[in-house]
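Visitor: Give me a model of this one.
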Amino acid sequence: MSTMNTDLNFAEMLYNGFIERGDFSGIKDALKLAGMNQSELARRIGVERATVSAWASGARLPSLRVFSKVVFVLDNAANKGWQHFY
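Guide: Predicted coordinates:
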């Protein structure tokens, strides 16, 4: 298991990507940094994998409530290990 940077701020990363590109496609890089894939994230936040795929392609945006779940899951996966939370 690789050691992740505990200074990662996924909320800032995803928000800045949204401001720069106008979409949520930064989720691809965030997932890679957190060591997760779209299916794992979808399962952990309670959405279909197709929904996460639509975010990654820039076709859709998550609600604010779902965005906060995404950030929570990514932060825990990258900084503490998601196995301890789910």
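
Visitor: Quick check: buried residues in the helix ranked longest in the chain?
Guide: Looking across the chain with DSSP state H, the single longest helix is helix 64-79. Residues of helix 64-79 classed as buried by neighbour count (16 or more other Cβ atoms under 10 Å): 66-67, 69-71, 73-78. C-beta here means a position set from N, CA and C on the backbone, and glycine is covered the same way.

Visitor: Closest one to Ala59 out of those residues, please.
Guide: Nearest to Ala59 among the buried residues of helix 64-79: Val66, at 15.0 Å, using Cβ to Cβ.

Visitor: Trp55 is in what secondary structure piece?
Guide: In the assignment (DSSP states H and E), Trp55 maps to helix 49-57.

Visitor: so can I have JSON lines of the buried residues of helix 64-79 showing distance to Ala56?
Guide: Listed next are the buried residues of helix 64-79 as JSON lines, based on distance: Cβ to Cβ, whole Å:
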{"residue": "Val66", "distance to Ala56": "14"}
{"residue": "Phe67", "distance to Ala56": "14"}
{"residue": "Lys69", "distance to Ala56": "16"}
{"residue": "Val70", "distance to Ala56": "12"}
{"residue": "Val71", "distance to Ala56": "16"}
{"residue": "Val73", "distance to Ala56": "15"}
{"residue": "Leu74", "distance to Ala56": "13"}
{"residue": "Asp75", "distance to Ala56": "19"}
{"residue": "Asn76", "distance to Ala56": "20"}
{"residue": "Ala77", "distance to Ala56": "16"}
{"residue": "Ala78", "distance to Ala56": "17"}
